[in-house]
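1. turn this into a model:
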Amino acid sequence: MLNMFSGSEKMKVKINWNKEKIIKSTMLVVLMFCLAQPLLRRFQNISDPAELKGSFVLAENNPFTWSGWFSHDYQIKREEYLRQTSGLMATYVKLHNQIAFSLFKEAKANNVLVGKDNYLFQEEYITSYLGKDYMGKEKIRQLVDQIEFLRDTLKKINKHLVIAISPNKAAYFPDKIPDRYFRTARKTSNYEALLSALQQKNIPVLDFNALFIQSKDRSSYPLFSPYGIHWSAYGMYFAADTLIRFLEAHIGFSLPHLILESVSVSRQYQKTDMDLSELMNLFYKLEGPPMGYPQVRIEQIPDSKRPKTIIISDSFFWGLYHLGLIDKVFDGSFWYYYREVYPSPDKLKVNIENVDRKKEFYNAEAIFLLVSPIYIDDFSWGFIDQLYNYLKGNKDNMNNSLSLERIAHFEKKIRGNRDWMEMIRKKAMSRKIPVDSMIHEDARFMAMQEKIKKE
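-> Numbering: from 1, shown residues only. Next up is the predicted model:
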């Protein structure tokens, strides 16, 4: 047989074969190292340099039991524990998320979506802005009738009911919403319907949503950050100052004032301006326009007083809480989602079931409700219903607390159901509240439904 290759050609084939062998061997070594490194790191006790942000539950290192083995509970929990604690999980998650964002403009965080120019949103704010969650005219009418009754009844006993609506980032930056959300026309939103109904009843409302939109081009600094869902640090100051002046006009006396001492400008965003981008767990921080960070002090002015106030709100009040409004402008407490009570920054929270609500109500000079447009269909999280029924004399339910034992029963039931817990984590992420709080809220709802059926 003829020799088909010359000497030089044989040499090239051999070199190419050697190169291919080296490449394959190198890839095999790298792969084996990647597969083995979680075990190596566990023995070496080296911690992952990366850290994940957001709402998630750390798995417990549950002990082995035969009952857990046969029910498969041990295997499931052990697998989750090893997944969270082995290797460079946080680093790999961040790498995966960075690739998804940089190449495909995807946010690998529950309920976070990337808009135009990398502006970040949560979908329920877009849904609310477009009117896709409209609750209907009749429910709006019932809600406003209750508010009107409460306003008139509270006036008779020298108390004030103040309603405020938080701004919606989707309404503030509609040009940054992805085009796919505008394939159908906007409809009447809960926010627009409620505002119109309140105005028809001459019920004052502090509409931060409209105020922020009107002030967008006039404000010295952005009132919303591209990478946060709540008002910016400067927007929070703007809201607090506006709130104080609005309350003064409606309760008839002076309050302590905010004094703006200075504003620093920085591209290094503080937490309030990057609460969505933090959830994305990227390798690199997103860069955006300069943001204003005010230095503020609260000053007592002549004849000012601090009214005893109950503040019921969602997460939009947290910035005002830490600014000092709760104990320097008001003499009050923050009833977070009408579920947890925060008396002041130096005191521990308590569950609403453990609060004497009758006593707090009668001691209060003002009740302030701050509600985001996305929560109008669950306005005040049950507080208005409860107070309305109490003042109507239908039920003495201001302190008609649910059984703590039944709430604990349903909390245990939720934690023991894997599918239910996954749903809870998603809801907690979308509402930006701790998972434990979301568990308590669902358990409380289940206990309430059980109680209603018995009655």
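
2. I'd say Lys94 and Tyr284 touch.
-> No. Taking contacts as CB atoms under 8 Å, Lys94 lies outside contact range of Tyr284: 9.3 Å. To be clear about C-beta, it is placed using only N, CA and C from the backbone, and glycine gets the same treatment.

3. the two - which one has more neighbours?
-> More neighbours surround Lys94 than the other of Lys94 and Tyr284, with 21 against 9 (other CB atoms under 10 Å).

4. on the three-state scheme, the more buried one is what?
-> Here Lys94 is recorded as helix under DSSP: H, G, I helix; E, B strand; the rest coil.

5. likewise Thr188?
-> What three-state DSSP gives for Thr188 is coil.

6. so what's it up against?
-> With contact set as CB atoms under 8 Å, 6 or more residues apart in numbering, Thr188 has these partners: 131, 134.

7. cutoff 10 Å now
-> Listed by CB atoms under 10 Å, 6 or more residues apart in numbering, the contact partners of Thr188 are 131, 134, 136-137, 140, 196.

8. how about Leu198, nearest residue that isn't a chain neighbour?
-> Val205 (5.0 Å; CB to CB, 6 or more residues apart in numbering).

9. list phi and psi for the one you found.
-> phi -140, psi 130 (degrees, to the nearest 10).

10. same thing with the one 10 residues further on?
-> Backbone torsions for Ser215, taken as degrees, to the nearest 10, come to phi -90, psi 0.

11. can you show me the strands along the stretch 301-450 of the chain?
-> 308-313, 331-336, 340-342, 350-351, 366-371 (DSSP state E, counting those that start in this stretch).

12. those: which one's closest to Glu123?
-> Minimum separation from Glu123 across those (CB to CB) falls at strand 366-371, 18.8 Å.

13. please save the CA atoms from that closest one in PDB.
-> Output of strand 366-371 as PDB, limited to C-alpha atoms (Å, rounded to 0.1, in the frame of the first residue of the first chain):
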ATOM      1  CA  ALA A 366     -54.600  61.300  64.100                       C
ATOM      2  CA  ILE A 367     -54.700  58.100  61.900                       C
ATOM      3  CA  PHE A 368     -52.500  58.300  58.900                       C
ATOM      4  CA  LEU A 369     -52.900  55.800  56.000                       C
ATOM      5  CA  LEU A 370     -50.100  55.700  53.400                       C
ATOM      6  CA  VAL A 371     -51.000  53.100  50.700                       C
END
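
14. got the angle between that strand and strand 331-336?
-> 30 degrees (axes from the mean of the first three to the mean of the last three CA atoms, to 10 degrees).

15. strands paired with strand 366-371, and their directions?
-> Applying DSSP bridges to the sheet, strand 366-371 is found paired with strand 160-165 (parallel), strand 308-313 (parallel).

16. list the buried residues in that strand.
-> 366-371 (16 or more other CB atoms under 10 Å).

17. can you put these in TSV and add distance to Met32 and pLDDT?
-> Below are the buried residues of strand 366-371 laid out as TSV (distance: CB to CB, whole Å; pLDDT from 0 to 100):
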residue	distance to Met32	pLDDT
Ala366	67	94
Ile367	65	95
Phe368	62	96
Leu369	60	97
Leu370	56	97
Val371	56	96
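
18. which one of those is nearest to Ala443?
-> Closest approach to Ala443 among the buried residues of strand 366-371 (CB to CB): Val371, at 23.0 Å.

19. wait, isn't that closest one in contact with Ser166?
-> Yes. Using CB atoms under 10 Å, Val371 is in contact with Ser166, at 6.7 Å.

20. now do the shared contacts for these two.
-> Common contact partners of Val371 and Ser166 (CB under 10 Å, 6+ apart): 191, 313-314, 316.

21. and this protein, what are its domain boundaries?
-> 14-102, 104-401, 402-455 (automatic domain parsing).

22. most tightly surrounded among those?
-> Among these, ranked by average contacts under mean count of other CB atoms under 10 Å, first place goes to domain 104-401 (a mean of 18).

23. run the chain-centre distance for it.
-> Between the centre of domain 104-401 and the centre of its chain there are 12 Å (CA atoms, centre = their mean, to the nearest Å).

24. figure out which of the strands paired with strand 366-371 is closest to Ser67.
-> Comparing the strands paired with strand 366-371 by CB to CB, strand 308-313 comes nearest, at 44.0 Å.

25. before we move on, back to that, can I get the contacts of Thr188 in CSV with secondary structure and distance to Asp175?
-> What follows is the contacts of Thr188, written out as CSV (DSSP: H, G, I helix; E, B strand; the rest coil; distance: CB to CB, whole Å):
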residue, secondary structure, distance to Asp175
Gly131, coil, 18
Tyr134, coil, 23
Gly136, coil, 29
Lys137, helix, 30
Ile140, helix, 28
Ser196, helix, 25
